[in-house]
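Novice: sequence first, then the predicted structure:
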Amino acid sequence: MNAIVRTSPPLRRAVLALAALLTAVVPSCRAADGEPGVGVVVPRFEVELCAERSGRLVSVDAELGERVPAGERVAVVARGALEQELSVARAQLRSARAALDKAKLARHHKDGSLTRRLAASESWSKEELAASRLEAQLAAASVEESIALVAQREAAIARLVYEIARSDVVAPFAGRVAERLRDPGGFVGVGEPILRLLSEELIVRCGVPSERAARLTAGDPVSLVAGSDSRTGRVLHVGVEIDPASRLVALEIALPAPRDGDAVWTPGMPVSVTLLPPRAP
């Protein structure tokens with residue numbers, strides 16, 4: 001994923017505040033066993049997609065409300081200078097590989113010369129044999145040096161390829177663009193948000209009293225009613241802290257897969273939530 005992803009907590013706080021308000025206005029909405037509370041349909045994930053590199057924003061490839069699949073590129077930061085560096089680095093790698101081939105040929109020649117002289121050592125002086133050994137050792141060292149240079153050039157290319165990839169801002173999941181925060185042409189810094197993305201997967205989020213939350217576990221059944229449409233969801237996550245404003249604990253409920261003919265539930269829709277009795281141990 002080539003983007004800095006930052007979650008957006010305001011929506012979570014807003015849901016808890018709404019649940020607290022409705023609980024205060026309608027005393028029966030206490031989200032206790034068998035008693036209805038109020039939740040809101042929200043995207044399961046909400047993130048701000050931010051730049052990983054600073055530079056001029058070349059393009060923003062997603063419009064407000066547009067659906068983008070997971071892995072889709074949605075924005076690009078300028079990378080022309082990096083691409084030029086990459087071209088130079090690739091040329092340097094070709095040169096380093098040619099030098100390595102040359103060094104290997106030289107080593108083969110020196111090794112062969114040393115072998116022939118040792119086979120007829122009586123025809124060569126000690127000084128000549130020592131010189132031949134030194135030449136073979138230097139040729140071997142030159143090969144090792146060339147191998148190291150090739151590895152260095154390959155690492156430089158890998159770094160540049162990685163930096164170029166970071167110029168692309170990519171959607172981490174399938175969703176819809178809720179907000180375009182930047183337009184092409186301007187400068188963006190690392191971590192500056194460009195788009196706000198909402199996942200297509202929906203859940204119901206509500207608040208429950210802490211004493212009831214302590215008895216909930218993932219998978220517990222929950223009755224959900226929106227208008228004339230009723231469904232049975234399952235507890236997905238139970239919060240671990242009490243919201244200081246509402247004094248409620250956040251509860252996330254997974255929606256069942258829609259059936260043919262089911263009404264479409266959309267983000268922001270209020271839902272009556274009834275916590276069903278806990279499952280028998």
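Specialist: Received the coordinates, thanks.

Novice: am I right that V150 falls within a strand?
Specialist: No: remark: V150 does not belong to a strand; assigned using DSSP: H, G, I helix; E, B strand; the rest coil, it is helix.

Novice: pretty sure it contacts R94?
Specialist: No: contact criterion C-beta atoms under 8 Å: V150 and R94 do not qualify, at 10.0 Å. C-betas here are computed from N, CA, C, even on glycine.

Novice: more crowded one of those two?
Specialist: Per other C-beta atoms under 10 Å, whichever of V150 and R94 has more neighbours is V150, with 18 against 10.

Novice: phi, psi of the closest residue to that one other than its chain neighbours?
Specialist: Closest residue in space to V150, ignoring its immediate chain neighbours: A96 at 4.7 Å, by C-beta to C-beta, 6 or more residues apart in numbering. Per-residue torsions, A96: phi -70, psi -40 (degrees, to the nearest 10).

Novice: show me what contacts A96?
Specialist: Contact analysis of A96 by C-beta atoms under 8 Å, 6 or more residues apart in numbering lists 146, 149-150, 152-153.

Novice: and stretch 201-221, end to end?
Specialist: With C-alpha to C-alpha, to the nearest Å applied, stretch 201-221 spans 19 Å between its terminal residues.

Novice: for that stretch, list every residue counted as buried.
Specialist: Of the residues in stretch 201-221, those with enough neighbours to count as buried (16 or more other C-beta atoms under 10 Å) are 202-209, 212-213, 216, 220.

Novice: low-confidence stretches in the stretch 51-200 of the chain?
Specialist: Across the stretch 51-200 of the chain, nothing is flagged by pLDDT under 70.

Novice: show me where it has helices.
Specialist: 80-119, 126-165 (DSSP state H, counting those that start in this stretch).

Novice: how close does A106 sit to A139?
Specialist: Remark: distance between A106 and A139 (C-beta to C-beta, to the nearest Å) = 5 Å.

Novice: okay, the two: which has more neighbours?
Specialist: A direct count of neighbours by other C-beta under 10 Å for A106 and A139 places A139 higher, at 20 against 17.

Novice: which ones are touching that one?
Specialist: 103, 106-107, 109-111.

Novice: ditto for P221
Specialist: By C-beta under 8 Å, 6+ apart, P221 lies in contact with 232-234, 276, 279.

Novice: can I see the domain layout of this structure?
Specialist: 4-77+177-275, 80-165 (automatic domain parsing).

Novice: so is T266 in a helix, a strand, or just coil?
Specialist: coil.

Novice: revised request: answer the last question for V240.
Specialist: Secondary structure, three-state DSSP: V240 is strand.

Novice: quick one: it and E46, what's the gap?
Specialist: As judged by C-beta to C-beta, V240 and E46 stand 19 Å apart.

Novice: out of those two, which sits in the more crowded spot?
Specialist: In terms of neighbours (other C-beta under 10 Å), E46 is the more surrounded of V240 and E46; the figures are 20 against 8.

Novice: ok, what's across the strand from that one?
Specialist: Beta-bridge pairing for E46 (DSSP bridges): L198.

Novice: so it touches E200, yeah?
Specialist: No: the pair E46 / E200 is not scored as a contact, 11.8 Å apart, by C-beta under 8 Å.

Novice: list the contacts for V249?
Specialist: V249 makes contact with 207-210, 213, 238-243 under the criterion C-beta under 8 Å, 6+ apart.
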